[in-house]
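Chemist: pasted the sequence and its predicted model underneath.
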Amino acid sequence: MKPFDIVIVGGGGAGLYAAMEAMKTNPALNIAVLSKVYPNRSHTSAAQGGANAALGNKAKDDTVEMHIFDTIKGSDYLADQDAVDVLCSEAPKIIRELENIGTPWSRMEDNTIAQRPFGGAGRPRCCYCADKTGHTILQTLYEQCLKKGVLFFNEYFALNLSLNGSRSRGLIAMNMKTGKVEAFTAKTVIFATGGYAKMYWNRSSNAAGNTGDGQAIAYRAGIPMKDMEFVQFHPTGLRKSGLLVTEGARGEGGYLVNKDGERFMSRYAPEKMELGPRDLVSRSIETEILQGRGFDSPAGKYVHLDLRHLGADLILSRLPQIREMSLNFEGVDPINEPIPVRPTAHYSMGGIDTDNFGRTVMDGVYAAGECACVSVHGANRLGGNSLLDILVFGRIAGHTAAEEAGKFQPGMIPESEVKECMDELRSKMQRSGHYERYGALREELGQTLAINVGIYRESSLLKKGIEDISELQERFTKVRVTDTSDVFNTNLMQVLELKNMLDLAETVAVGALAREESRGSHTRIDFPQRDDEAWHKHTLATLVDRKLIAGEKPVTMGRYELQERTY
Amino acid sequence: MTVSIDQQQEPKRDVTFRVFRFNPQVDSKSYFDDYTISVERGITVLRSLNYIKEHVDASLSFRAFCQAGICGSCAMRVNGLSKLACTAQVWDELAKCREPGIIKVEPLRSLPMIKDLIVDMDPLVSKMTHYSNWIDSTMPEAEMGRKEFLISEEEFERYDKATDCILCASCVSECSILRANKEYVSPAVLLKSYRMNVDSRDSIHDLRLSELVKDHGVWDCTHCYRCQESCVKSIPIMEAIHGIREDAIASRGAKDTSGAKHAEAFMEDIEKKGKLVEATLPIRTNGIVWTLKNLLPMAVKMIMKRRTPPPPPLVKSSKGIKIFRTMFREMSEHVKEDQKSHKK
């Protein structure tokens, strides 16, 4: 294969925007998008809510400045203020650009793009398309990439960066359809592979493939991860699958009830009750369960989300999707029975450390979207800012890579490296004697993370978590791939994904143990206060000689001084 | 082998999944494997397959991603019908089994097989590209991002349902035309084409339409409605197909393509006689030259077997034709009015 100027890993919102923008910046470039799924399957499609932009269509007095402040405050002051400036200033332009190329935004009465209120935002600035915003954005971007003739390598699983000393010379990936390992020599590589919250497995709302592949590859290549300890939990995940029951259920008046029949939110938020902020409601449910007031089942402990008092009419007309989810994934009809729920890992704030242009510390390697940490979300992401993040920084990363590709002259990836990779994959199929089941390891990883590196964290728990992860890493060396075929070996792919999750889980747990304070999504029982003096900074995790080396990085401040975060 | 999916007090049932297997590396032809597991209420077909893969047979291959009915990865045929495995409840499927207690799981049809339940989606992507399934904006690229198009709620409603499509390809698998002709445009691509063609921001409506009315295009649909019945997002796909056809007749004239001429001839016969004059239908659709060249051998065969349709003078009008004609004209007027108000 001839060398590429840009190889983009991941075909979700960030990757596709990067591809589109790079082609626009320099149509002569040779660009490829690799994705382990068909791009239109990417997890961007699951984002229902919308994307924030101070268009001022709904609230005429909304400004970019207010959006900036809301985002910084929401981040518990851990976001870099110059990065937030970029995010919010670019927002109106990017939403209009998407509109101009066909995204079917819902409309206001005056035919402009519709906006609605969202948690943590001072003005209604969330642009949406019914409850399918992410889906329609992803479709639009995919359509435009097909129009521009972007070269797609669908169902390719990324394995490694190929390094020449400390320089990247491209990517090595496996073609799922043939099982062949292939080299993609490239001047620049952009990682846009999404988040890592699936490491919580059945305690996660994420797609099965959100296993942090890009982060793990970058981490193994020596690129630092930033703020990995920050994982956002959504209060109401379904018990069996972790899938989301959206906030709408509580918005319409649903009750959260423990096994004693109590509406327990009266203990934690007597005024707002079920409508308190996400992190507070998540912590409240977790407390009920920890103190023995949850229901018990083999699929785990849970509480009830009770909608029955709302009546069949309201449930059918206003919450049809929630009813369908509950029927499909719990076999429970909320008209007649309460829905079993518990908090679920939803979003990863941490990721590959980048600057405001998507650059990592390694020349020619970029990252964007949930897989990167610029950082615009700090310790806690606001609703409606995740779609915005992937669009704005996907576009910027694509532009930067297109401008800078000419600067790098990497050598070709040697055939021997491809063969080594292939041999290593093969060796996983040839283990004999005692071996471990990957499914069991995956489940145990999710369990230990949910218990020890979950919503409530504490020194002894975190140490136990780190021990468990290290033991699982050890046991992983004995995992055998039992499907030995070359064609579409999903068994092999899932084992490789597990390896990525195990590598990253360590950075999450180690970061959480180091950060001796409570900030945003990170709650330490032993350090319940935010500690600006000691911890107003980013944590870094870098792999040096196969060892995690912890580091730190200052937060970039700007116009806004540190304040207490209250709502 | 019976293994349990969840040690729960809830009632459980033993269910056999009869799964289509094919690995092109070793199998000369496909076969079925039976996996029996114990399943409680609320478990989906996909979760059962995941369980089988983790605990019983790791080589069983299928696609799955969001597992929540949004991404469209896990479309397959369950008990003979194409659907998403992640939203198909095992207990519901048990009620639909041909053989009691045995749920049959097969790959989608009309797409090339890769392995087990995995089929190749590339042909669908190629068709989306061929029929320009994208907006070619009327706004020049240099001006983008500065201002919004103003779009009315009515226009939004025209493509709202069509943009629900997740390209799962269930309709592709169920389409009766595709089973006979792999080159047929396919329902999902017609739906997307329609969605683009009614969008006021788009500038290549005519180009797209001219492709759609060619061979293997919109006129090949036989209105079996299977696409619409199997749509996992309940999208009225046939409305889109009818929409393209009406658009084609309105903007290019009824004489433009054989598909349009065929539809016109149908209408003419029904209005005149209340039934079809089949003998001349091919001539009126495709012309005398085409008919002689392509249908003469078949006509000869039909004559030999005494299966020829009656010649036009012998086709008598149906009983009560006068009342029927009045009704027919009244209906046609209604349709015309409807179309006018749609245009507005």
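Modeler: Now that the structure is in, tell me what you want to look at.
Chemist: all helices for the stretch 1-150 of chain A, in order.
Modeler: A:13-25, A:64-74, A:81-100, A:133-148 (DSSP state H, counting those that start in this stretch).
Chemist: any chance of those helices in CSV, plus distance to chain B and mean neighbour count?
Modeler: Every residue, glycine included, has its C-beta placed from N, CA and C. Output for the helices of the stretch 1-150 of chain A, formatted as CSV (distance: least, CB to the nearest CB, whole Å; neighbours: other CB atoms under 10 Å in any protein chain shown):
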stretch, distance to chain B, mean neighbour count
helix A:13-25, 7, 27
helix A:64-74, 14, 22
helix A:81-100, 4, 22
helix A:133-148, 4, 24
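Chemist: export these to a markdown table and tack on mean pLDDT?
Modeler: As requested, the helices of the stretch 1-150 of chain A are exported to a markdown table (pLDDT from 0 to 100):
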| stretch | mean pLDDT |
| --- | --- |
| helix A:13-25 | 97 |
| helix A:64-74 | 96 |
| helix A:81-100 | 98 |
| helix A:133-148 | 97 |
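Chemist: for these, which one sits closest to A:Thr188?
Modeler: Comparing these by their distance to A:Thr188 (CB to CB), the top pick is helix A:13-25, with 9.1 Å.
Chemist: show me what the lowest-mean-pLDDT helix or strand in chain A is packed up against.
Modeler: Ranked by mean pLDDT, DSSP states H and E, the weakest helix or strand in chain A is helix A:248-251, scoring a mean of 80. Here helix A:248-251 touches no other helix or strand, going by 3 or more CB pairs under 8 Å, 6 or more residues apart in numbering or on different chains; DSSP states H and E.
Chemist: which helix or strand lies directly C-terminal to it?
Modeler: strand A:255-257 (DSSP states H and E).
Chemist: distance from the chain centre to that following strand, please.
Modeler: 28 Å (CA atoms, centre = their mean, to the nearest Å).
Chemist: pull out the buried positions in the next helix or strand after that strand.
Modeler: Scanning forward in sequence from strand A:255-257 by DSSP H and E, the next helix or strand is helix A:265-268. Going by neighbour count (16 or more other CB atoms under 10 Å in any protein chain shown), the buried part of helix A:265-268 is A:265, A:268.
Chemist: do stretch A:321-332 and chain B meet?
Modeler: Yes: Stretch A:321-332 reaches chain B (CB under 8 Å from any CB of the partner chain) through A:324-325, A:327-332.
Chemist: and that stretch, how far out from the chain middle?
Modeler: On CA atoms, centre = their mean, the centre of stretch A:321-332 falls 24 Å from the chain's centre.
Chemist: of all of the stretch 151-300 of chain A, which residue lies closest to chain B?
Modeler: A:Ala207 (4.3 Å; CB to the nearest CB).
Chemist: that residue touches B:Cys71, doesn't it?
Modeler: Yes: counting by CB atoms under 8 Å, B:Cys71 is a contact partner of A:Ala207 at 6.7 Å.
Chemist: shared neighbours of those two, anything?
Modeler: The contact sets of A:Ala207 and B:Cys71 overlap at A:43, A:46, B:65 (CB atoms under 8 Å, 6 or more residues apart in numbering or on different chains).
Chemist: burial of the second one, as a residue count?
Modeler: Which is A:Ala46. 21 (other CB atoms under 10 Å in any protein chain shown).
Chemist: before we move on, what about the last one?
Modeler: Neighbour count for B:Phe65, taken as other CB under 10 Å: 24.
Chemist: pretty sure it is touching A:Val37, no?
Modeler: Yes: B:Phe65 lies in contact with A:Val37 (CB under 8 Å); the separation is 5.6 Å.
Chemist: so what sits against both of those two?
Modeler: Common neighbours of B:Phe65 and A:Val37 (CB under 8 Å, 6+ apart) are A:209, B:71, B:73.
Chemist: most neighbours among the residues you listed, please name it.
Modeler: B:Cys71 (30 neighbours).
Chemist: from A:Arg437, how far off is that one?
Modeler: 26 Å (CB to CB, to the nearest Å).
Chemist: buried sites along the lengthiest helix in chain B?
Modeler: Counting residues, the longest helix found in chain B (DSSP state H) is helix B:321-343. The neighbour-count check on helix B:321-343 (16+ other CB under 10 Å) flags B:321, B:324-325, B:328 as buried.
Chemist: as CSV, those with distance to A:Asp526 would be great.
Modeler: Output for the buried residues of helix B:321-343, formatted as CSV (distance: CB to CB, whole Å):
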residue, distance to A:Asp526
B:Ile321, 90
B:Phe324, 86
B:Arg325, 88
B:Phe328, 82
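Chemist: can you tell me which of those is nearest chain A?
Modeler: Using CB to the nearest CB, B:Phe328 is the member of the buried residues of helix B:321-343 that lies nearest chain A, at 37.8 Å.
Chemist: is it correct that that closest one is in contact with B:Lys272?
Modeler: No: contact between B:Phe328 and B:Lys272 fails when scored by CB under 8 Å: they sit 9.8 Å apart.
Chemist: which ones are touching the residue in the stretch 301-450 of chain A positioned nearest to chain B?
Modeler: Here the stretch 301-450 of chain A gets closest to chain B at one residue, A:Gly331, 2.7 Å apart by CB to the nearest CB. Counting by CB under 8 Å, 6+ apart, A:Gly331 touches B:41-43, B:89, B:91.
Chemist: tell me which residues touch the nearest residue to A:Tyr128 once chain neighbours are set aside, please.
Modeler: Distance criterion CB to CB, 6 or more residues apart in numbering or on different chains; nearest residue to A:Tyr128, sequence neighbours excluded, is A:Gly50 at 3.4 Å. When contacts are counted by CB under 8 Å, 6+ apart, A:Gly50 touches A:116, A:118, A:126-129, A:133, A:384, A:387.
Chemist: who's in contact with whichever residue of the stretch 1-150 of chain B sits closest to chain A?
Modeler: Proximity of the stretch 1-150 of chain B to chain A (CB to the nearest CB) peaks at B:Gly42, 2.7 Å away. Contacts for B:Gly42 (CB under 8 Å, 6+ apart) come out as A:240, A:329-332, B:10, B:89, B:91.
Chemist: what is the neighbour count of the closest residue in space to B:Ala75 that isn't next to it in sequence?
Modeler: Nearest residue to B:Ala75, sequence neighbours excluded (CB to CB, 6+ apart): B:Cys168, at 4.0 Å. Neighbourhood size, B:Cys168 [other CB under 10 Å]: 27.
Chemist: B:Pro140 too?
Modeler: 8.
Chemist: same question for B:Asp27.
Modeler: With other CB under 10 Å as criterion, B:Asp27 counts 12.
Chemist: not counting sequence-adjacent ones, nearest residue to it?
Modeler: According to CB to CB, 6+ apart, the nearest residue to B:Asp27 is B:Arg21 (7.3 Å).
Chemist: and the gap between A:Ala54 and chain B?
Modeler: 14 Å (CB to the nearest CB, to the nearest Å).
Chemist: state the pLDDT value of that residue.
Modeler: A:Ala54 carries a pLDDT value of 97.
Chemist: coming back round to it: could you single out the nearest of the shared contacts of B:Phe65 and A:Val37 to B:His242?
Modeler: Of the shared contacts of B:Phe65 and A:Val37, the one sitting nearest to B:His242 (CB to CB) turns out to be B:Cys71, at 28.9 Å.
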